[in-house]
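Undergrad: Can you look at this prediction? I've put the sequence above it.
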Amino acid sequence: MYITLSCLRATTIVVPTLIPKTKTSTFSLITSSSLSMSTYHKELAAAKKAACLAARLCQKVQKSLLQSDVQAKLDKSPVTVADYGSQAVVSFVLEHELSAEPFSLVAEEDSGDLRKDGSQETLDRITMLVNDTLANENAYSALPLSAENVLTAIDKGISEGGPVGRHWVLDPIDGTKGFLRGDQYAIALALLDRGRVVLGVLACPNLSLASIGMQTQQSSASQIGCLFSAVIGEGTFMQSLDGSSPVKVNVSAIENPEEASFFESFEAAHSLHDLTSSIAKKLGVKAPPVRIDSQAKYGALSRGDGAIYLRFPHAGYREKIWDHAAGSIVVTEAGGLVTDAAGNPLDFSKGKYLDLYHGIVATNQKLMPSLLKAIQESIDEKASSL
Ligand SMILES: Nc1ncnc2c1ncn2[C@@H]1O[C@H](COP(=O)(O)OS(=O)(=O)O)[C@@H](OP(=O)(O)O)[C@H]1O
Ligand SMILES: [Mg+2]
Ligand SMILES: [Mg+2]
Ligand SMILES: [Mg+2]
């Protein structure tokens, strides 16, 4: 039996489907034995709803991006009306769907620049986008939101996180540069419970439902827009952003590194492409790197499109938890491993930043030992050549 799951219906339960698993597919469908009410089912439904609504806002903006929609932050990185609007929508929806729980949100954006003189027009545009996005949500009596309400919703993301209690972690648009290019980006939302990631949702509006891996022929007719979701101990699922039934996904089972392909940042400034190419060479990887923006890389990895994700930022860069929290649980619940370059698990309990040895590595359990060895050799060689 099928029941369509709309990701916008916050209370919908995952429903069993009974189609046999194909030999080549890394997807498997949910069986009735896996149907259980998880500890985080309410939070998962709210997170999916928030991410889908935010994705809708982002899609609307990406279709008709105006020059005035884009600004530079203090660190010179770009931010758009969609980053702010997405953060306001997610913050508002989570707080209203889970009103019985204390609400703490660690998020990338804040309203500082929007409160400055000369920002009124931008703020009005964001407020209009947020209200348009939430217009059909009749359950929210607080609508329509004023500009001040929108600023308040954005600033709920001020929490520092940490090892105590629950904290939502949000990147309202991960891969803003990809978003601006019309390429990949993700709305990445996770829940920390006592410092551990227990739930993650990744909305990837420009990612096809079909594989983007090297070996698979891409169909231009493939539907675009994926929603990945994972709850601790329950696996990772993928569905279309407009609400198909979720299918269970698994990371690649490839054991021979020569057959593996790897993902890395599109932006060379975000990861040392020369180091990753040396690692790939040592491993015997034949395929060229697949460079795509954002945590869409984690989503693609979770369904086996590629076998490895390598991320080695330039010296001095500190990774933020919102760039990895949702993606890491999406991969680990699909059977993969996500560690730093020494094989240590990522520690999300330290506040906004991750303390890492060199970089972040994700792959399956079989490939990880040889991958870590190749990484260490490449790091040592690079250090001795300096
Ligand atoms: N110098 C440097 N090094 C490493 N990482 C950086 C750097 N600067 C930014 N960022 C973060 O990278 C996030 C974008 O993710 P990706 O690198 O995977 O995508 S992309 O290739 O850059 O498009 C991006 O996330 P968003 O700001 O949400 O887009 C940043 O948090
Ligand atoms: Mg980001
Ligand atoms: Mg961002
Ligand atoms: Mg940013």
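TA: All right, it came through fine. Ligands and ions are numbered 1, 2, ... in the order given.

Undergrad: pull the longest strand from this structure.
TA: strand 196-208 (DSSP state E).

Undergrad: Summarise which helices and strands that strand is packed against.
TA: helix 41-63, strand 186-193, strand 224-231, helix 296-302, helix 325-332 (3 or more CB pairs under 8 Å, 6 or more residues apart in numbering; DSSP states H and E). Just so you know, the C-beta spots here come from the backbone N, C-alpha and C atoms, and that holds for glycine as well.

Undergrad: got the ones you listed as JSON lines, with mean neighbour count columns?
TA: Listed next are the helices and strands packed on strand 196-208 as JSON lines, based on neighbours: other CB atoms under 10 Å:
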{"stretch": "helix 41-63", "mean neighbour count": "23"}
{"stretch": "strand 186-193", "mean neighbour count": "28"}
{"stretch": "strand 224-231", "mean neighbour count": "25"}
{"stretch": "helix 296-302", "mean neighbour count": "30"}
{"stretch": "helix 325-332", "mean neighbour count": "29"}
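
Undergrad: between those, which one is nearest to ligand 4?
TA: Closest approach to ligand 4 among these (CB to the ion): strand 186-193, 11.4 Å.

Undergrad: What pairs with that closest one, parallel or antiparallel?
TA: Here strand 186-193 is paired, per DSSP bridges, with strand 166-174 (antiparallel), strand 196-208 (antiparallel).

Undergrad: shouldn't Val247 be in contact with Gly235?
TA: No: using CB atoms under 8 Å, Val247 makes no contact with Gly235, being 10.4 Å away.

Undergrad: Could you list the low-pLDDT ranges of the stretch 201-350 of the chain?
TA: 214-221 (pLDDT under 70).

Undergrad: What residue in it comes nearest to ligand 2?
TA: For the stretch 201-350 of the chain, CB to the ion, closest residue to ligand 2: Asp323, 4.3 Å.

Undergrad: same question, the chain
TA: Closest to ligand 2 within the chain is Asp174: 3.6 Å, counting by CB to the ion.

Undergrad: shouldn't that residue be in contact with Gln295?
TA: Yes: the criterion here is CB under 8 Å, and Asp174 meets it with Gln295 at 5.0 Å.

Undergrad: With His270 as the reference, measure out to the residue of the stretch 201-350 of the chain closest to ligand 2.
TA: 10 Å (CB to CB, to the nearest Å).

Undergrad: which of these two has more neighbours?
TA: Asp323 (21 against 18; other CB atoms under 10 Å).

Undergrad: Was I right to think the more buried one contacts Ile173?
TA: No: contact criterion CB under 8 Å: Asp323 and Ile173 do not qualify, at 11.5 Å.

Undergrad: Next one, pLDDT for the residue nearest to Asn206 when sequence neighbours are not counted please.
TA: Nearest residue to Asn206, sequence neighbours excluded (CB to CB, 6 or more residues apart in numbering): Gln184, at 5.3 Å. Residue-level confidence at Gln184 comes out at 97, pLDDT.

Undergrad: what's the neighbour count on Gln184?
TA: 24.

Undergrad: dump the residue contacts of the residue nearest to Phe312 when sequence neighbours are not counted.
TA: For Phe312, ignoring the flanking residues on the chain, the nearest one in space by CB to CB, 6+ apart is Gly359 at 3.7 Å. Listed by CB atoms under 8 Å, 6 or more residues apart in numbering, the contact set of Gly359 reads 271, 310-313, 340-341, 375.

Undergrad: how about the residues of the stretch 251-386 of the chain near ligand 1?
TA: Residues of the stretch 251-386 of the chain lying near ligand 1 by CB under 6 Å from any ligand atom: 265-267, 269-270, 293-294, 313-314, 317, 320, 323.
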